[in-house]
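J.: got a structure for you, letters missing:
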């Protein structure tokens, strides 16, 4: 831990996520062309934009699933994926990177539940194996979490026997089981049937209300308007426009934002 | 955060299910007849029966001798040795195969090439030739030395004394089989969706935890059927260890006995019966293993009587499914209202 996060009060001033000129290339294809943004503690940020604009890639950079090509990215004042000493950056060992990821929950578009484990086992897996907490305690927490996402009676079901919406809610419970300080949502409702979208968004609204810091890549403009504290519109690897959701959605300043919103609203 | 109230939508009143009021009559029609099916069936049964009756009275089969040697002590001991050869070589081959498969998927090009080279050699030459070479290993390496290169070894023993023919047979079979197991395991590892690895990594799991808890258990479903094939194949390949030469397994022992009695046919039948007995047991074992590892995927615990459901639990010992992708996950019918917090439509 760096000195900035050592003191409880001082850490309140540090933004949860700070991205400075984040750049990412796959070969010669530059997907992110210098993203600079800040997410405050307890803030809900929605990332919107056309597909291929780099939203998901940026999200995956935050928990080091993708390695940055240039720029700096820190979570809670701590540089992601690198250690800085004497003005030099040192690549982190997998163990250290894993330790950082523990505190960042991630929810995927395609749920990615472990199909060979029941809902309960899915939620218990990481606290048991990664944190090494006692089983009885972990199970109690896991059951509470499943109850909170409305799936207490589905604890012993395998993912294949749950609907898409139920699977995604289990996935959220699984991420919450690690008690993260930041939650990343990568198009959490895009793979769902329309009638199942609401139940997942309801869970996310509940989380936001409790003060969880969240970054949500989404196409659900209604959710963005209602829940988000800030909205960032990305296109072709750059932040085109950002601000309060109500303002950006009602009066987009940039032509690209206007073009995009006219298609999705 | 406290466990206060559920996030999900409140369980509203669900409308009563629609009544299935079917008024149409079941179809009554004269069934289409298939006379040729009957003709072929009768013909096949007749040919088979004729063959069985003929075989029963043909003196060359010498059935009394088959009965006499089936439980001969020398034969049953040889059968035991065949099992030992199979089990030892298979266990080593699976362990080595997993290591080689992981090496082939390694980002390190040198590690990758070493695994590829191993496969190239051991899959590219006949197992009979390999077993013969292992039999002659003491001519190539007269002693086994343990120590630092170019220095006096700490321990040294003669190859002949250290490795008997049984050990050499196991080594020969295992090293050859490992090459095939490596490909099976690799196909299994690659069959697991990339998102599974990402999900585990995002939870903070280490590489080894991801492997042992998430990837390997899921790849088992793809690995087990062809591995069952390989075990059965291995059981039969043990008959080649006479090349080492090791002569105490089932086939060579049968040949040796018939060389004394000048009556080879009944002993070949005896050996075949034993082989068939073992492969049958293996097929049953494979059935239960497949069932165990298909948990959560394709199993129908909510509706076991569904005849349309693909039976992943069938004995597939002869169907290699290398490279078979993820099966389509069929969701159960959504009978309950989403987010129902109380007793849902599970019952």
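T.: Looks like it came in fine. On a predicted model such as this, the values are computed, not experimentally measured, just so you know.
J.: Give me the number of neighbouring residues for the residue of chain A found nearest chain B.
T.: Of all residues in chain A, residue A:150 sits closest to chain B, at 2.5 Å by C-beta to the nearest C-beta. From N, CA and C alone the C-beta is placed, and that goes for glycine too. When neighbours are defined as other C-beta atoms under 10 Å in any protein chain shown, residue A:150 has 29 of them.
J.: Let me know whether my guess that it is in a strand holds.
T.: No. Assessed with DSSP: H, G, I helix; E, B strand; the rest coil, residue A:150 is coil; it does not lie in a strand.
J.: where does it fall, phi/psi-wise?
T.: phi 80, psi 30 (degrees, to the nearest 10).
J.: what's the distance between it and residue A:100?
T.: Distance of residue A:150 to residue A:100, computed by C-beta to C-beta, to the nearest Å: 31 Å.
J.: ranges for the strands of chain A?
T.: With strands called from DSSP state E, chain A shows them at A:17-26, A:29-39, A:44-48, A:70-75, A:78-79, A:82-85, A:88-91, A:104-107, A:182-186, A:213-217, A:230-235, A:238-243.
J.: which stretches of the stretch 151-265 of chain A have low pLDDT?
T.: Along the stretch 151-265 of chain A, no part satisfies pLDDT under 70.
J.: ok so, going back, I'd guessed the residue of chain A closest to chain B sits against residue A:199; true?
T.: Yes. Look at residue A:150 against residue A:199 with C-beta atoms under 8 Å: they come within range, at 7.3 Å.
J.: Now do the buried residues in the longest helix seen in chain A.
T.: Longest helix of chain A, by residue count under DSSP state H: helix A:194-209. Across helix A:194-209, burial judged by 16 or more other C-beta atoms under 10 Å in any protein chain shown covers A:196, A:197, A:198, A:199, A:200, A:201, A:202, A:203, A:204, A:206, A:207, A:208.
J.: residue boundaries of the helices in chain B?
T.: Using DSSP H, the helices found in chain B span residues B:35-57, B:63-70, B:73-104, B:109-124, B:127-135, B:137-140, B:159-162, B:165-191, B:194-202, B:207-209, B:216-237, B:250-261, B:264-293.
J.: right, and these - which one's nearest chain A?
T.: helix B:194-202 (3.8 Å).
J.: I'd like the strands of chain A as a markdown table, with mean neighbour count appended.
T.: Shown next, in a markdown table, are the strands of chain A (neighbours: other C-beta atoms under 10 Å in any protein chain shown):
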| stretch | mean neighbour count |
| --- | --- |
| strand A:17-26 | 18 |
| strand A:29-39 | 18 |
| strand A:44-48 | 26 |
| strand A:70-75 | 19 |
| strand A:78-79 | 16 |
| strand A:82-85 | 14 |
| strand A:88-91 | 10 |
| strand A:104-107 | 26 |
| strand A:182-186 | 24 |
| strand A:213-217 | 26 |
| strand A:230-235 | 23 |
| strand A:238-243 | 18 |
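J.: one step back: list the helices and strands the longest helix of chain A packs on?
T.: helix A:164-176, strand A:213-217, helix A:221-227 (3 or more C-beta pairs under 8 Å, 6 or more residues apart in numbering or on different chains; DSSP states H and E).
J.: in its sheet, what does the second one sit against?
T.: I take that to be strand A:213-217. Next to strand A:213-217 in the sheet, as set by DSSP bridges, lie strand A:44-48 (parallel), strand A:182-186 (parallel).
J.: Would you mind giving these as JSON lines with distance to residue A:13 added?
T.: Below are the strands paired with strand A:213-217 laid out as JSON lines (distance: least, C-beta to C-beta, whole Å):
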{"stretch": "strand A:44-48", "distance to residue A:13": "18"}
{"stretch": "strand A:182-186", "distance to residue A:13": "16"}
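J.: Any residues of the stretch 151-300 of chain B in contact with chain A? List them.
T.: Counting by C-beta under 8 Å from any C-beta of the partner chain, the stretch 151-300 of chain B comes close to chain A at B:193, B:195-196, B:198-207, B:209, B:213-214, B:217-218, B:293, B:295-299.
J.: Mind giving me the ChimeraX select for those, buried ones only?
T.: Applying 16+ other C-beta under 10 Å to these leaves a buried subset, and the ChimeraX line that selects it is:
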select /B:196,198,199,200,201,202,203,204,205,206,209,213,214,217,218,293,295,296,297,298,299
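J.: can you pull the contacts of residue B:201?
T.: A:65, A:98, A:101, B:210 (C-beta atoms under 8 Å, 6 or more residues apart in numbering or on different chains).
J.: Name the residue closest to the centre of the chain, please.
T.: Unless you meant another one, I'm taking chain A. Centroid-nearest residue in chain A: residue A:184, 0.4 Å away (criterion: C-alpha atoms, centre = their mean).
J.: that's the wrong chain, I wanted chain B
T.: residue B:228 (1.5 Å).
J.: Would you check that that residue makes contact with residue B:281?
T.: No. Under the criterion of C-beta under 8 Å, residue B:228 makes no contact with residue B:281, lying 11.6 Å away.
J.: relative to its centroid, which residue of chain A is most remote?
T.: residue A:86 (31.3 Å).
J.: For chain B, give me the ranges with low pLDDT.
T.: Within chain B, the stretches with pLDDT under 70 are B:1-22, B:297-347.
J.: again, only using 80
T.: Residue ranges of chain B with pLDDT under 80: B:1-23, B:295-347.
J.: The stretch 1-150 of chain A now?
T.: Applying pLDDT under 80 to the stretch 1-150 of chain A flags residues A:1-13.
J.: Quick one: residues contacting residue A:201.
T.: Contacts for residue A:201 (C-beta under 8 Å, 6+ apart) come out as A:189, A:220, A:223.
J.: Reformat the residues you listed as a markdown table; add distance to chain B.
T.: Listed next are the contacts of residue A:201 as a markdown table, based on distance: C-beta to the nearest C-beta, whole Å:
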| residue | distance to chain B |
| --- | --- |
| A:189 | 13 |
| A:220 | 16 |
| A:223 | 14 |
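J.: what comes into contact with stretch B:123-140?
T.: Outside stretch B:123-140, the residues touching it (C-beta under 8 Å, 6+ apart) are B:122, B:158-160, B:163, B:165, B:168-169, B:171-173, B:175-176, B:179-180, B:183, B:237, B:240-241, B:243-245.
J.: what sits against the residue nearest to residue B:241 when sequence neighbours are not counted?
T.: Leaving aside its chain neighbours, residue B:241 sits nearest to residue B:169 (4.0 Å; criterion: C-beta to C-beta, 6 or more residues apart in numbering or on different chains). By C-beta under 8 Å, 6+ apart, the contact set of residue B:169 is B:85, B:89, B:131, B:134, B:238, B:241, B:244, B:246.
J.: Report the buried members of these.
T.: Neighbour-count burial (16+ other C-beta under 10 Å) is assigned, among the contacts of residue B:169, to B:85, B:89, B:131, B:134, B:238, B:241, B:244, B:246.
J.: Now render those residues as TSV, adding distance to residue A:108.
T.: Listed next are these as TSV, based on distance: C-beta to C-beta, whole Å:
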residue	distance to residue A:108
B:85	47
B:89	42
B:131	50
B:134	50
B:238	47
B:241	51
B:244	53
B:246	54
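J.: which one among the residues you listed gets closest to residue A:155?
T.: Closest to residue A:155 out of those is residue B:89 (43.2 Å), distances taken as C-beta to C-beta.
J.: right, and the closest one touches residue B:180 too?
T.: No. If you go by C-beta under 8 Å, residue B:89 and residue B:180 don't touch, sitting 11.7 Å apart.
J.: Could you list the residues of the stretch 151-265 of chain A in contact with chain B?
T.: Remark: the part of the stretch 151-265 of chain A in contact with chain B comprises A:151-154, A:158-166, A:169, A:174-176, A:178, A:195-196, A:198-199, A:202-203, A:205-207, A:210, using C-beta under 8 Å from any C-beta.
J.: 6 Å instead, please
T.: A:153, A:158, A:160, A:161, A:163, A:165, A:196, A:199, A:202, A:203, A:206, A:210 (C-beta under 6 Å from any C-beta of the partner chain).
J.: farthest-separated two in the residues you listed?
T.: The most widely separated members of these, counting by C-beta to C-beta, are A:160 and A:210 (30.5 Å).
J.: Spatially nearest residue to residue 101, not counting backbone neighbours?
T.: Unless you meant another one, I'm taking chain A. Using C-beta to C-beta, 6+ apart, the nearest residue to residue A:101 is residue B:204, at 4.6 Å.
J.: my bad, chain B
T.: Per C-beta to C-beta, 6+ apart, closest to residue B:101 is residue B:185, 3.7 Å.
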